[in-house]
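Enquirer: structure of the sequence below:
(chains A and B)
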Amino acid sequence: MKPIIDILEQRVSDVMAVVAGESADAPAAIIKSSANPQFGDYQANGVMALAKKIKQNPRELAQQIVAKLDVGDMCEPPEVAGPGFINFRLKPGWLAQRLTEAICDPRRLGIDSCENPPTTVVDFSGPNIAKQMHVGHLRSTIIGDTIARVLEFWYGNPDKVIRQNHVGDWGTQFGMLVQYLIQHRINLAISSMQGSEADSLANLEDLYRKSKESFDNDPQFAASSRDCVVKLHNKDSSVMPFWQSIVKTSLDECQKIYDSLGVNLTEHDVRGESFYNDKLPSVISELSAAKLLQESDGAQCVFLDGFKTKEGEPLPMIVQKSDGAYLYATTDLAAIQYRVGQLRADRIIYVTDSRQKLHFEMLFACVRQAGWAGESVRLEHVPFGSVLGDDGKPFKTRSGENVKLKSLLDEAELRARQVVEEKNPDLPPDLKQRIAHAVGVGAVKYADLSNNLVTDYIFNWDKMLAMEGNTAPYMQYAYARVQSIFRKGQVDVADLLAQNHSLELAAPEEIGLAKLLLRYGEVVETVARDLRPHLLTTYLFDLAQTFSGFYTNCPVLKAEGTSRNTRLLLCYQTGRTIQHGLGLLGIETIEQM
RNA sequence: GCGCCCGUAGCUCAAUUGGAUAGAGUCGCGGACUUCGAAUCCGAAGGUUGCAGGUUCGAGUCCUGCCGGGCGCGCCA
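Expert: Predicted coordinates:
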């Protein structure tokens, strides 16, 4: 189904073009859903801009447009209001017809997929695998996952979305780790086979700490570590197995976190720094060939217009250090070449914290100048703020360490379990555990995604697990209540849908709910375009609240005939929309909680 | 010092990117369970959008200058 906004946009724009005549290019109709119900359901804001352009009275112009406008099939007669708005109020009969269509669409809820979806790379998560995943990886991982899910749905073609996990599996710290293993004759691959999972995990933590200690305190070890880095770069067979054992062990740990978080990332999405290692020399030579490379203090640099140091001098993007080593800028350049050249990406999205903003600005400027990404390739950085503790400082443990994602998730589940025990002690234990997992993980993700990306947010267990307010548990509860109606009424959904159902929207709560349900597609489209997940949580919360109002005022099972049928279908579509929307956020729904 | 981001109700956040009377949640206050799950709902209260100018039909949003905070600014990622 074509979105309501698009239908109105089309019709109003057509009339505007006629009214404007050939003299002027008519501006767009700019249809928005109205903020205030007093102004109807949708409004056209573009008339005033046109009036200005062709020097006419905006209200009179709006009147002319309304007179020529043919929207009688879907709206009550449109009204001109204020300085020149046109307000539209949808007819209940037309709403019912559209909603029926949405309900009968088993897969897409009546939402069209976009035309010509671009092949899109979503680069997210990207943990440094020398260490366990911690809270610093949380936002990129769940925001990136959501963006990938939303785009997959909006594009209507999962093949068009390519997840890339640009893990840090290369670099100087690996020299240190490998050197430690060699020196102590430890093969992680073997010890993790023999030991328990906890052992291999502890090994990695220990390994990092111990080798760091040696590196800092033992000059000879530090020297050997640096040699080890060189050997790694040369793919020396005496060190590679050790490196591989670290990578494998570490990625396995990451995978457990992803699985537990419900994040759609697998080993197939991993293209770590090591993947690009071979391609770095050609990055330099191609930059050189493009006449972009300059030496400065022994380092190979690209100087781009508009970037300055604190002294006001040109700020270089260093692509090769004076000792010959490459940097993350080099790897990112190679990654863009790979993504545009091999993956055929038309759109590349980077989900990282906002501190890397400057880096991406320079990176994008560089590939534009080098011609590695033409105008047709969209490069987008999605920056986000930090996770803070109650004190407003970066979220850390009491001892000042980064909070491990594993312990974070364990605690989420534990706290959710306590709530379930309190609210619903009679459920079977395994069900309680499933609920606790869905609620706990959902709460963490929802709390993150419901914030505007650019702002920092304060991590607060009590708020994210609260049953009241804009939280995952509230949303999941709303869903469970819908399901409860079907259970209680022993309504078979398949039968319900198979009936020749005629929707009849009468009560204001029914009409309001129907209108909101039909706006789901607009929201998905906006999120896909602007990459702002909190717009989706806002919508879902609005929907859940509107449903609650409907639920208290409109008995479903006690209603009869068409009314009962209508209300059941409204419940069905509400449940489905919440489930689908939460699904795009990577959050599970549960039938009872 | 320069650059980027931010400043909105006591608190946590929105505001469809320039649209109408700035909205939610939460806290506190007042109501609603014999009724499909009260983990809910309804109501009232709460504001000089950091300050001062400017742009225009119209500004929380854009421009300028201050104040306050966060982040970044050559060989880490």
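
Enquirer: from A:Tyr208, how far out is the residue located most distally from the centre of chain A?
Expert: Taking Cα atoms, centre = their mean, the residue of chain A most remote from its mean C-alpha position is A:Gln220, at 45.8 Å. Noted for A:Gln220: a distance of 20 Å to A:Tyr208, by Cβ to Cβ, to the nearest Å. C-beta coordinates here come from the backbone N, C-alpha and C atoms, glycine included.

Enquirer: could you do A:Phe360 as well?
Expert: From A:Phe360 to A:Tyr208 the distance is 28 Å (Cβ to Cβ).

Enquirer: before we move on, the earlier item: tell me the pLDDT of the residue farthest from the centre of chain A.
Expert: pLDDT recorded at A:Gln220 is 90.

Enquirer: got the buried residues for the helix or strand encompassing it?
Expert: Using DSSP states H and E, A:Gln220 maps to helix A:219-233. By 16 or more other Cβ atoms under 10 Å, the buried positions in helix A:219-233 come out as A:Phe221, A:Ala222, A:Ser224, A:Ser225, A:Arg226, A:Cys228, A:Val229, A:Lys231, A:Leu232, A:His233.

Enquirer: please apply the same query to stretch A:569-585.
Expert: A:569-582, A:584-585.

Enquirer: cool, stretch A:406-413 as well?
Expert: Across stretch A:406-413, burial judged by 16+ other Cβ under 10 Å covers A:Lys406, A:Leu408, A:Leu409, A:Ala412, A:Glu413.

Enquirer: for A:Val382, see how far away the closest residue to A:Ala373 other than its chain neighbours is.
Expert: Once flanking residues are discounted, A:Ala373 sits nearest to A:Val367: 4.5 Å by Cβ to Cβ, 6 or more residues apart in numbering. Computed as Cβ to Cβ, the A:Val367 to A:Val382 distance reads 18 Å.

Enquirer: these two: which is more packed in?
Expert: Ranked by neighbour count (other Cβ atoms under 10 Å), A:Val367 and A:Val382 place A:Val382 first, with 23 against 20.

Enquirer: you'd agree that one is in a strand?
Expert: Yes - A:Val382 sits within a strand when classified using DSSP: H, G, I helix; E, B strand; the rest coil.

Enquirer: quick check: it vs RNA strand B, distance?
Expert: Computed as Cβ to the nearest atom of the strand, to the nearest Å, the A:Val382 to RNA strand B distance reads 11 Å.

Enquirer: equivalent analysis for A:Gln294, please.
Expert: For A:Gln294, the distance to RNA strand B - Cβ to the nearest atom of the strand - is 9 Å.

Enquirer: contacting residues for that residue?
Expert: Counting by Cβ atoms under 8 Å, 6 or more residues apart in numbering, A:Gln294 touches A:Gln300, A:Cys301, A:Val302, A:Phe303, A:Pro316.

Enquirer: burial measure for A:Thr241, as a count.
Expert: Check again: residue A:241 is Pro, not Thr. 14.

Enquirer: mind pulling up the pLDDT for it?
Expert: A:Pro241 carries a pLDDT score of 90 in this model.

Enquirer: hang on, it in a helix?
Expert: Yes - according to three-state DSSP, A:Pro241 belongs to a helix.

Enquirer: for RNA strand B, state which of the buried residues of helix A:219-233 is nearest.
Expert: Distance to RNA strand B across those (Cβ to the nearest atom of the strand) is lowest for A:Val229, with 10.5 Å.

Enquirer: so what's the closest one closest to, chain neighbours aside?
Expert: With sequence-adjacent residues excluded and distances taken as Cβ to Cβ, 6+ apart, A:Val229 is closest to A:Gly175, at 3.4 Å.

Enquirer: confirm the residue nearest to A:Ala373 sits in a strand?
Expert: No - according to three-state DSSP, A:Val367 belongs to no strand; its state is helix.

Enquirer: thought A:Tyr338 was touching it, still the case?
Expert: No - in this structure, A:Val367 is not within contact of A:Tyr338 by Cβ atoms under 8 Å, at 11.9 Å.

Enquirer: now for the host helix or strand of the residue nearest to A:Val229, which elements pack on it?
Expert: Assigned by DSSP H and E, A:Gly175 belongs to helix A:172-183. When contacts are defined as 3 or more Cβ pairs under 8 Å, 6 or more residues apart in numbering; DSSP states H and E, helix A:172-183 sits against helix A:197-217, helix A:219-233, helix A:240-261.

Enquirer: in the stretch 301-450 of chain A, where is pLDDT below threshold?
Expert: Applying pLDDT under 70 to the stretch 301-450 of chain A flags no residue at all.

Enquirer: what does it put close to RNA strand B?
Expert: When proximity is defined by Cβ under 7 Å from any atom of the strand, the stretch 301-450 of chain A lies next to RNA strand B at A:301, A:308-316, A:318, A:321-323, A:325, A:327-328, A:354-359, A:386, A:419-420, A:423-424, A:450.

Enquirer: so which of these are in strands?
Expert: Judged by DSSP state E, these include A:Cys301, A:Lys308, A:Pro314, A:Leu315, A:Pro316, A:Ile318 as members of strands.

Enquirer: now the buried members of those residues.
Expert: Among those, those buried by neighbour count (16+ other Cβ under 10 Å) are A:Cys301, A:Leu315, A:Pro316, A:Ile318.

Enquirer: next up, the contacts around A:Pro58.
Expert: Contacts of A:Pro58 (Cβ under 8 Å, 6+ apart): A:Val47, A:Met48, A:Ala51, A:Lys52, A:Pro83, A:Gly84.

Enquirer: spatially nearest residue to it (excluding sequence neighbours)?
Expert: A:Gly84 (3.2 Å).

Enquirer: what number of residues lie near the one you found?
Expert: 24.

Enquirer: look up how far RNA strand B lies from the closest residue in space to A:Gly156 that isn't next to it in sequence.
Expert: Once flanking residues are discounted, A:Gly156 sits nearest to A:Ser113: 2.6 Å by Cβ to Cβ, 6+ apart. As defined by Cβ to the nearest atom of the strand, A:Ser113 lies at a distance of 20 Å from RNA strand B.

Enquirer: which strands or helices does the longest helix anywhere in chain A pack on?
Expert: What stands out as the longest helix in chain A, according to DSSP state H, is helix A:561-584. Using 3+ Cβ pairs under 8 Å, 6+ apart as the contact test, the elements touching helix A:561-584 are helix A:92-104, helix A:138-155, helix A:472-488, helix A:493-498, helix A:508-517, helix A:520-530, helix A:534-553.

Enquirer: any chance of CSV for these, columns distance to RNA strand B and mean neighbour count?
Expert: As requested, those are exported to CSV (distance: least, Cβ to the nearest atom of the strand, whole Å; neighbours: other Cβ atoms under 10 Å):
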stretch, distance to RNA strand B, mean neighbour count
helix A:92-104, 18, 17
helix A:138-155, 11, 24
helix A:472-488, 3, 20
helix A:493-498, 14, 11
helix A:508-517, 9, 20
helix A:520-530, 5, 19
helix A:534-553, 3, 18
